[in-house]
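> below is the sequence, then the predicted model.
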Amino acid sequence: MPGSSAPHFKAALVQLCSGRDVAANIAAASDLIRAAAAVGAQLRALLDARLGKVSGVREIRGQGLMLGIELDRPCAALTLRAAQAGLLISVTADSVIRLVPPLIMTSTEAQEVVDILAPLVCEFLAEGNPAP
């Protein structure tokens, strides 16, 4: 019967394409993870350089692009100030600025984040509002 093997051929073709796509996705994910780790290290280094010795900054911690900046006082007010400056941050545990940028963040964008955030943190800490 003509064409009787067509379903088998189509299934094999789909499996072949799926396997190729999986391999490509794994390779792309590996590149993405390496790039995110490199940009995360850069972001951490930039934050350390700009905020590491600032009075009121207790710790800069995290891994990869998931970073936290712990202050010595509640800092929820920084979420609005950062948003007004074009940066989305969150505050957790009352005094930790949480940064969780997308994995596709570039080195240029990491620099922009620090250029916006560091002055905001310094201004906020200079206002007083000492730790309770």
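Done, it's in.
> pLDDT on the helix or strand where Ser30 lies, on average?
Taking DSSP states H and E as the definition, Ser30 sits inside helix 6-51. Mean pLDDT, taken over the full extent of helix 6-51, equals 73.
> whichever helix or strand comes after that helix packs against which elements?
The helix or strand immediately downstream of helix 6-51 is strand 57-63, counting by DSSP H and E. For strand 57-63, the contact count by 3 or more CB pairs under 8 Å, 6 or more residues apart in numbering; DSSP states H and E identifies helix 6-51, strand 66-71 as packing neighbours. The C-beta positions use only the backbone N, C-alpha and C, and glycine is treated the same way.
> between strand 57-63 and the last one, find me the angle.
Angle, strand 66-71 to strand 57-63, by axes from the mean of the first three to the mean of the last three CA atoms, to 10 degrees: 170 degrees.
> and stretch 57-65, how far out from the chain's middle?
Stretch 57-65 has its C-alpha centroid displaced from the chain centroid by 12 Å (CA atoms, centre = their mean, to the nearest Å).
> cool, stretch 69-77 as well?
Stretch 69-77 has its C-alpha centroid displaced from the chain centroid by 19 Å (CA atoms, centre = their mean).
> equivalent analysis for stretch 30-42, please.
Worked out by CA atoms, centre = their mean, stretch 30-42 lies 10 Å from the chain centre.
> got the contact list for it?
Contacts to stretch 30-42, defined as CB atoms under 8 Å, 6 or more residues apart in numbering, come from residues Gly62, Gln63, Gly64, Leu65, Met66, Leu67, Leu103, Ile104, Met105, Thr106, Ser107, Ala110.
> recalculate using a threshold of 10 Å.
62-67, 99, 101-111, 114 (CB atoms under 10 Å, 6 or more residues apart in numbering).
> Arg50 against Ala110, yeah?
No. Shown here, Arg50 and Ala110 do not form a contact pair, counting by CB atoms under 10 Å, at 11.8 Å.
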